[in-house]
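1. Build me a structure from this.
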Amino acid sequence: MQEASQAQLEQQVDKFNEERRELGARVERSTAELTRKERQVTTLENQKESLAQQLAQKEKALADSRQELASEKVEANEKVEALRAKISETLDDLTAKKIEFERDKALKT
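-> Residues are numbered from 1 along each chain as shown. Next up, the predicted model:
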């Protein structure tokens, strides 16, 4: 009876040791997986910060470009208005000269 009890105890010890080895291996795998995921999270956070900085720079560049475009548009509109005024003045001068020419022509005949 004592031998059977001893055999049963040894069997339980073997089973316990096997289970302990399996759990140790499982802990090691879980630890490695956790470490890998923590590195991945850190990498993703760094990428996120980098992308946020790039976005901020691009938004600033866009705002600057919009401001520059608005200034150029104002300048272009001012030039267009100046050219229109010059064209109108030139047409008025041309019309006046044409009228004067026609009047002189009519007076000479």
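2. in what helix or strand does the spatially most central residue of the chain lie?
-> Taking CA atoms, centre = their mean, the centroid of the chain lies closest to Leu55, which sits 3.9 Å from it. Assigned by DSSP states H and E, Leu55 belongs to helix 2-108.
3. from the chain's centre, how far out does that helix sit?
-> From the chain centre to the centre of helix 2-108 is a distance of 0 Å (CA atoms, centre = their mean, to the nearest Å).
4. And the pLDDT at Arg39?
-> Listed pLDDT for Arg39 reads 98.
5. residues near Lys105, how many?
-> The tally of other residues near Lys105 (other CB atoms under 10 Å) stands at 9. Quick note: C-beta positions are derived from backbone N, CA and C, even for glycine.
6. sorry, that was for Val13
-> Neighbour count of Val13, defined by other CB under 10 Å: 10.
7. do Glu100 as well
-> With other CB under 10 Å as criterion, Glu100 counts 10.
8. swap in Ser71?
-> Other residues near Ser71 come to 10 when the count uses other CB under 10 Å.
9. now Leu107
-> Leu107 has 7 nearby residues by other CB under 10 Å.
10. okay, it: pLDDT?
-> Here the pLDDT value assigned to Leu107 is 84.
11. and the gap between it and Thr95?
-> 18 Å (CB to CB, to the nearest Å).
12. Show me where the chain dips below the pLDDT cut-off.
-> Along the chain, the model assigns pLDDT under 70 to no residue.
13. now do 90
-> 1-7, 9, 104-109 (pLDDT under 90).
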